[in-house]
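Chemist: Quick one, fold the following:
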Amino acid sequence: MSFMASKNRNLGRPPAKTCLRCRRNSIYPEKMFGDWLYPREQTCFDCIMIRCNRFDKIRARKLPEKMKDRVELLFPLTVYDASNNTKVGEYHSKQDVLAAVEKYKQERKSRAKILVIHYPIYYNFTDYFTGTR
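Modeler: Below is the predicted model:
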């Protein structure tokens, strides 16, 4: 198959739509019975998992290199316990996040699987605040 043939094969696929909750371009069409259809619910997988309290299924994204030294611009951060599927809270400063993570780990006796993300972009800050980085 030539390059042009493979390129022309996807011309009928419509573009991705924007998630109504997080505004990311992540609603992809699926081909069914020869037609391209969008899912009925116009929200992405991660937003659906947050709404259903399934924090262990969230696909957190790596922080881009250019943002590593500018963490303070991405507050508020949300802390979740992925082992219990509970939301610990939303925090607006680095000190508040560190205190919440330490307090929650002491209460749960270190059995908690902490997830620190920036909603709605889903950047993962877990390593940064749990000391594993």
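Chemist: Could you pull out the strands in this structure for me?
Modeler: Secondary structure of the chain by DSSP state E: the strands cover 30-32, 35-37, 77-81, 86-91, 114-118, 123-124.
Chemist: To residue 14, which of these lies closest?
Modeler: strand 35-37 (5.3 Å; CB to CB). Where you see a C-beta, it was placed from the backbone N, CA and C, and this is true even at glycine.
Chemist: what's in contact with the closest one?
Modeler: If you take CB atoms under 8 Å, 6 or more residues apart in numbering as the criterion, strand 35-37 is touched by 12-14, 29-31.
Chemist: So, low pLDDT: which residues of the protein?
Modeler: For the chain, the stretches flagged by pLDDT under 70 are 1-11, 68, 70-73, 109-110, 131-133.
Chemist: So which residues of the chain form helices?
Modeler: Taking DSSP state H as the test, the helices found in the chain are 3-9, 45-51, 94-108, 126-130.
Chemist: Tell me the buried residues in the second one?
Modeler: Same thing as helix 45-51. 46-47, 49-50 (16 or more other CB atoms under 10 Å).
Chemist: Could you name the helices and strands sitting against it?
Modeler: Counting contacts by 3 or more CB pairs under 8 Å, 6 or more residues apart in numbering; DSSP states H and E, helix 45-51 packs against no other helix or strand.
Chemist: Residue 114 and residue 101 touch, don't they?
Modeler: Yes. With contact defined as CB atoms under 8 Å, residue 114 reaches residue 101; the gap is 5.7 Å.
Chemist: Tell me the spatial nearest neighbour of residue 59, not counting adjacent residues.
Modeler: Among residues not flanking residue 59 along the chain, residue 46 sits closest, at 6.0 Å (CB to CB, 6 or more residues apart in numbering).
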